[in-house]
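**Student:** let me see the structure of the following:
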Amino acid sequence: MGRFKEPYSLYPRKMASGKVIWYYRTYDDDGRRTNGISTEQISKTKARQFCDRLSREGRLVPTGKPAPKAEGRAPQLEAWALARKWWKWTDAGPECSYCIGELARSADGSPAIQRDHADRSARILRDNILPLHGSFRMDAITTEMCEDLMTLWKDSGASPKTINNRASVYRVMMAEAERLGVILRSPWSKVKTYRSGPGGKGILSIEEFRTLMSPKALEVAWKGHLVYYAANLLSSVTGLRQGEVLALKDEDIKPDHVRVAGSWGIKYGEGPQKTKRGVDEIPIPKFVYNQIKPLLAWGGYVFSFTNGVRPCTGNRVNDALIFALDAIGIDDTTRRARKLTFHSWRAFANTYFRNAGVPDAKVRQITRHVSEAMTEHYSAFRLDDFREVAEAQGALVKELTKRA
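**Tutor:** Next up, the predicted model:
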């Protein structure tokens with residue numbers, strides 16, 4: 001008589017926090033061992049009870065195949081995600097039903113969703129959601145289970161922001177399931193997000209800004225690389241994101257403003273700006289225009305090493321900033337501790353404008369931070385509308401010429 005084979009096997013997995021969670025493996029219809037699935041239990045006894053219950057309900061082995069509803073019951077999360085091709089996006093376009101619908105309802109030039117977001121969401125679904133909840137029937141997923149899942153992510157070492165990002169992906173999916181009538185109510189509707197705390201990116205002081213971005217720093221700190229210097233200078237006085245800077249072409253740069261319509265990423269190339277606002281026009285000081293002007297000679301992309309054919313990569317811009325910071329005495333250890341990155345220029349510009357007395361509504365318009373608290377909206381660019389911003393920028397660049 002052959003040896004009886006248990007339908008599943010349990011094993012412990014130690015989280016980054018030191019907490020031990022029990023996982024199980026079983027076998028699919030072809031006799032192949034499945035990937036480990038969390039029981040979300042810290043007790044082996046409770047983990048076994050959990051698996052026995054799944055076995056009795058016929059839900060121990062995730063099939064990965066969409067199953068029809070039986071007796072009005074909802075499908076397993078994994079099966080539903082597969083059936084609707086959640087977050088799937090190829091070079092030919094989105095295949096995900098939700099993404100297709102969102103794009104169809106978007107305004108021209110302002111897509112509600114972009115491929116990079118879909119790809120990140122797909123990774124979260126694959127790595128952080130389905131291994132833990134994929135085998136559960138969707139109408140059996142509770143608010144408590146969702147909150148326990150967030151706790152597991154936290155115990156594994158994820159930051160509050162990362163946890164909220166993962167929860168957001170899951171939340172969108174379950175809200176869509178509710179909208180389509182797959183479930184009566186999303187279990188995420190009553191789950192609270194985590195507070196991210198201060199965190200964020202560090203900010204350079206005015207003195208450090210002056211040392212790093214003065215004209216003579218071009219040779220000293222930036223080793224004569226005008227592309228890197230000018231890209232950082234532009235972001236420091238406007239708060240433009242790195243992708244938005246790299247997407248700029250010569251026709252977007254004017255003596256008193258820049259036209260922001262897109263964003264550049266090394267993986268996907270050029271796409272709309274992150275906030276999907278269409279086109280924004282942001283004032284710049286004449287000093288900044290004069291620094292950028294030599295890069296306008298070749299046409300095409302401004303911040304380029306291929307005569308405008310293609311922008312330089314964000315990684316090269318980042319590396320140049322790290323080198324320049326080190327050159328002015330901010331070594332790698334200090335930079336990491338202070339969380340100084342290219343994105344820190346957004347925090348620098350935002351903080352500087354507010355401290356200079358620019359109204360918050362205008363600061364938000366310049367940095368394009370979306371906020372329901374905005375009480376004023378400037379839909380068209382008129383330099384006079386942003387007089388306070390231009391004056392603040394003028395005062396800021398004077399700091400750079402004090403030592404020039």
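**Student:** please make it C-alpha for all contacts and neighbour counts, starting now.
**Tutor:** Will do.
**Student:** and Ala231, what element?
**Tutor:** According to DSSP states H and E, Ala231 maps onto helix 226-238.
**Student:** any idea of the mean pLDDT in that helix?
**Tutor:** Summarised as a single mean, pLDDT over helix 226-238 is 94.
**Student:** go on, stretch 158-171?
**Tutor:** Averaged across stretch 158-171, the pLDDT comes to 92.
**Student:** before we move on, back to that, can you tell me what sits against the helix holding Ala231?
**Tutor:** For helix 226-238, the external contacting residues (CA atoms under 8 Å, 6 or more residues apart in numbering) are 213, 218, 222, 240-242, 245-246, 282-284, 288, 291-292, 295, 303-304, 317, 320-321, 342, 345-346, 348-349, 366-367, 393, 396.
**Student:** same thing but 7 Å
**Tutor:** With contact meaning CA atoms under 7 Å, 6 or more residues apart in numbering, helix 226-238 is reached by 213, 218, 222, 241, 245, 288, 291-292, 303, 317, 320, 345-346, 348-349, 366-367, 393.
**Student:** quick one: Gly224 and Lys14, what's the gap?
**Tutor:** 50 Å (CA to CA, to the nearest Å).
**Student:** next one: Arg137
**Tutor:** Taking CA to CA as the measure, Arg137 falls 27 Å from Lys14.
**Student:** settle it for me: which of the two has more neighbours?
**Tutor:** The residue with more neighbours, out of Arg137 and Lys14, is Arg137; 17 against 12, by other CA atoms under 10 Å.
**Student:** for that one, give me the pLDDT.
**Tutor:** 91.
**Student:** repeat that for Leu132.
**Tutor:** Value listed for Leu132 in the pLDDT field: 91.
**Student:** and if you look at Thr45?
**Tutor:** Per-residue pLDDT puts Thr45 at 88.
**Student:** just the element for it, please.
**Tutor:** Using DSSP H and E, Thr45 sits in helix 44-56.
**Student:** how far off centre is that helix?
**Tutor:** In terms of CA atoms, centre = their mean, to the nearest Å, the centre of helix 44-56 is found 37 Å from the chain centre.
**Student:** and it, what does it pack onto?
**Tutor:** With contacts taken as 3 or more CA pairs under 7 Å, 6 or more residues apart in numbering; DSSP states H and E, helix 44-56 sits against strand 37-41.
**Student:** packing partners of the strand it packs on?
**Tutor:** Using 3+ CA pairs under 7 Å, 6+ apart, strand 37-41 sits against strand 20-26, helix 44-56, helix 130-133.
**Student:** strand partners (parallel or antiparallel) of it?
**Tutor:** Partners of strand 37-41 in the sheet, by DSSP bridges, are strand 20-26 (antiparallel).
**Student:** restrict the strand it pairs with to CA atoms and write it as CSV.
**Tutor:** Taking Å, rounded to 0.1, in the frame of the first residue of the first chain, the C-alpha atoms of strand 20-26 are listed here in CSV:
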residue,chain,number,x,y,z
VAL,A,20,6.8,34.1,12.2
ILE,A,21,3.9,33.5,9.8
TRP,A,22,2.8,30.0,8.7
TYR,A,23,2.5,29.3,5.0
TYR,A,24,1.3,26.2,3.2
ARG,A,25,2.0,24.4,-0.1
THR,A,26,-0.2,21.9,-1.8
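**Student:** that one vs helix 44-56, what angle?
**Tutor:** Going by axes from the mean of the first three to the mean of the last three CA atoms, to 10 degrees, strand 20-26 is angled at 30 degrees with respect to helix 44-56.
**Student:** quick one: mean pLDDT over strand 20-26.
**Tutor:** In this model, strand 20-26 has a mean pLDDT of 84.
**Student:** what does that strand contact?
**Tutor:** 7-14, 33-42, 44, 47, 61.
**Student:** let's see it at 10 Å
**Tutor:** Strand 20-26 has contacts (CA atoms under 10 Å, 6 or more residues apart in numbering) with 6-15, 32-48, 51, 60-62, 131-132, 152, 155-156.
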